[in-house]
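Colleague: Have a look; sequence and predicted model below, questions after that.
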Amino acid sequence: MPELNPPQAQAVAHNQGPLLVFAGAGSGKTRVITYRVANLLAEHSVAPYRILAVTFTNKAAGEMRARLEQLAGPEITSDLWLGTFHAVCARLLRRYHDEVGLSRRYVIYDDSDQKALVSRLIKRLGINDKELPPRLALSRIHKQKRLALSPEDTTPEWPLDESFVELYAKYEQSLRTADAVDFEDLILHIMRLAEDPLSPAGRDMRSRFSHVLVDEFQDTNAIQYRLVRALVGETKNLCVVGDDDQSIYRWRGADVRNIRGFRDDFPTATIIKLEQNYRSTSNIVKAALGIIAKAMWREPKQLFTEEGSGEPVRVRAVGDERQEAFFVVESIRHQIANGADPDDIAIFYRVHAQSRVLEESLRGAGIPYQIVGGMKFFDRAEVKSLLAYMRLVNTTRSDADLLRIINVPTRGIGNKTVQLLVDAAAKREICVWDALTLLLDAGTLPTAARRKLKAFHELITDLRTVAESHSPHDFAAHILEATGFRQTLEKEDSVESDARLENLAELLGSIAEYELEREEAGENVTLEAYLERVSLVADVDTMEDAPKVAMMTVHAAKGLEFVSVYLTGMEEEMFPYRGMNSESDDALEELDEERRLAYVAVTRAKQRLVITHAGSRTIFGRTKFLNRSRFIDDLPPAVTRLEGTSQQRTQYQRTHETGVSAARERGESYVDRNAFDDLPEEEAAPRPGDTVQHSKFGEGVVERVELGTDPAIVARYPGWGVKKVLARFLSY
DNA sequence: TACAAGCGCCTTTTT
DNA sequence: GGCGCTTGTA
């Protein structure tokens, strides 16, 4: 099936013992795993439930499962253990919850839950949050956990560390009383069990899987690797596939040394290198190699392609981010007009903050698009609140959820009362729900507070009985009514409340969709299963297969491919990105990671790659003047075409200096027509009487034009009336 | 206690 | 530029 030469295919299909596949970009990495699993099932009669295949995203797992279904049939593939580390561990943890002191209904705290918890603890412990801000504290906690270091293992190195260690210990304790885990815990709990020679669960897990496969192995972290090694046990039937050049999650604890040092850990490992790229034109492959060749540390390998050279890689200089957006959108419009499918096109950027300007231009041009990541649907306050109700009913011990909704919609339980509850819970080391129950029984509460708290207590208790007899969807719908959530929003009747109601409706829709999907797969639908899935969705997982231009960070682009790629913001400081902690001591490692990130970006393109860089950029409310990225200079001149002008001209441009750029040097303003010479000629501004097109209002007749730095057009739209809209949001 | 306004804060990448 | 938090007021 995949493009393997005969000895490689032989090894992938039949190898026993450790197998390491270095799979270069576009060489069919994921297919190697699929091929091996298919062979284990068909040729070696391995029972599907004895195979564990770990992917990087849920989306990848879904695609692999679909492909295997075609090869082996759904009744076989449904028994496979196939998913991300987190999803697989979450499932195992449901099974072995007892041994780690969780209930079967434990909840998974997301980032904001975790951060809220840490903030609360910092306040309670009287720690100075200037010296140890919640963000930093949390990231240090995660770091410790990824190294499997518990609070007791953490020795304070300097005075401040003492409060950190104390905080870390309290954090762990709070998770336990809340019947909750964070993302690291999912892996860590299971890893500890799997390594424990005395644990029955560990013994069970170690003998459970006869074959373990890991995709995107370069991005596993220390505890994930330890877990894999424990699970593989004595069989050593471990197959890992990855590409050290595409390791881009170091900041999340991923350790490239796992793949680079694999042969030290498994001296008998068979090693295969897949070096032929089947995805991109040779110009694109050469461009990518130009970038990665300068990495300081990498496994030697020779990526090559037999595809034709294709178009040159275009490198476009523009003045600022608005011009960049204008250029990208015009170019995309041009492509679509010539028959390109929008979903074959992607726009990449280094940080989410770059997406807004691009988004506005796309919307203005009426080009369908989807943004992967960014402000996530599940991050909306109202969505979180509804889910918090569901989680709280499922697990009343979950403090984060209780505190989120105790006064949503407002029911007269203010900060003072809440603080009373939290203190009572902390004093007795119990969860807030139990503290609430206790205080109501004790009868020591002020009457007003008592009445309101009692009503809340009854509300949740009632919801619990409803949950038992309803599907997740019906239960969610019931919550909206019973809590008065819907009514409150309807009464508010503002643009925001309408949007909230819409989001809630969308959430209900997605729950219904989920139920349908499960039923079709022949599985029963439970509240826990739904909540678990919601906790583990990644951004890419939500990407639709719709005819829309995709916009995403380069990180989110990993594992994807597009016919045309626009790589924007290729400037020093933006890419390689220089954040606040640029003084860190492993700056070289970080630069290498940026380089690999650029390599990943470039290798996503199949046929067309356009790279843009701006002379100045306003981001986070500050305008910066930027130089072209060093990665652009690493592109082989033979495969690139430099276009446009900016403050920073390339050698190429300097030798082709024109009168126009000389004029700009002297500070004269002009319109650089040459910069858009391959685009449809820019048209003059519309005049009164002309018609313009708006994505929402449709066609309108121009009444007045307001010129300026950002021209606006006043026009009458049938059915909408007279509207003033910035010209860049209109087509004409 | 509710709510609005305003302030200061930060600002990478994510399971 | 936006968010969360605090503050001030009804």
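Modeller: Good, I have the coordinates.
Colleague: Those residues of chain A touching DNA strand C, which are they?
Modeller: A:116, A:119, A:356, A:375, A:620-621 (CB under 7 Å from any atom of the strand). All C-beta spots, glycine's among them, are computed from the backbone N, C-alpha and C.
Colleague: again, only this time at 6 Å
Modeller: Chain A comes close to DNA strand C at residues A:119, A:620-621, as judged by CB under 6 Å from any atom of the strand.
Colleague: Out of those residues, which end up buried?
Modeller: Using 16 or more other CB atoms under 10 Å as the burial test, the residues of chain A next to DNA strand C include A:Ser119 as buried.
Colleague: Extract the C-alpha trace of the helix or strand encompassing A:Ala424 and format it as PDB.
Modeller: Element membership of A:Ala424 [criterion: DSSP states H and E] is helix A:415-428. Only the C-alpha atoms of helix A:415-428 are listed here, as PDB (Å, rounded to 0.1, in the frame of the first residue of the first chain):
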ATOM      1  CA  ASN A 415     -18.700  36.600  46.200                       C
ATOM      2  CA  LYS A 416     -19.100  36.700  50.000                       C
ATOM      3  CA  THR A 417     -21.300  33.600  50.200                       C
ATOM      4  CA  VAL A 418     -19.100  31.800  47.700                       C
ATOM      5  CA  GLN A 419     -16.000  32.600  49.700                       C
ATOM      6  CA  LEU A 420     -17.700  31.200  52.800                       C
ATOM      7  CA  LEU A 421     -18.200  27.900  51.000                       C
ATOM      8  CA  VAL A 422     -14.700  27.800  49.600                       C
ATOM      9  CA  ASP A 423     -13.200  28.500  53.000                       C
ATOM     10  CA  ALA A 424     -15.300  25.800  54.700                       C
ATOM     11  CA  ALA A 425     -14.300  23.300  52.100                       C
ATOM     12  CA  ALA A 426     -10.600  24.200  52.400                       C
ATOM     13  CA  LYS A 427     -10.700  24.000  56.100                       C
ATOM     14  CA  ARG A 428     -12.100  20.500  56.100                       C
END
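Colleague: A:Arg140: neighbour count?
Modeller: 16 (other CB atoms under 10 Å).
Colleague: Now chain A against DNA strand C: closest residue?
Modeller: Across chain A, the shortest distance to DNA strand C (CB to the nearest atom of the strand) belongs to A:Gly621, at 3.0 Å.
Colleague: For that residue, give its distance to DNA strand B.
Modeller: A:Gly621 sits 6 Å away from DNA strand B when distances are taken as CB to the nearest atom of the strand, to the nearest Å.
Colleague: got the contact list for stretch A:246-261?
Modeller: With contacts defined as CB atoms under 8 Å, 6 or more residues apart in numbering, stretch A:246-261 is touched by A:20, A:22, A:25, A:142-143, A:146, A:216-222, A:225, A:240, A:242, A:244, A:297, A:299, A:554-555, A:558, A:589-590, A:593, A:596-597, A:599-600, A:603.
Colleague: Okay, and which of the residues you listed map to strands?
Modeller: By the criterion of DSSP state E, membership of those in strands covers A:20, A:22, A:240, A:242.
Colleague: Between the residues of chain A next to DNA strand C, which has the least confident prediction?
Modeller: For these, the least confidently modelled position is A:Gly621, at 70, judged by pLDDT.
Colleague: phi, psi of that residue?
Modeller: Taking degrees, to the nearest 10, you get phi 70, psi 10 for the backbone angles of A:Gly621.
Colleague: for A:Leu82, same thing?
Modeller: The phi and psi values for A:Leu82, taken as degrees, to the nearest 10, are phi -140, psi 120.
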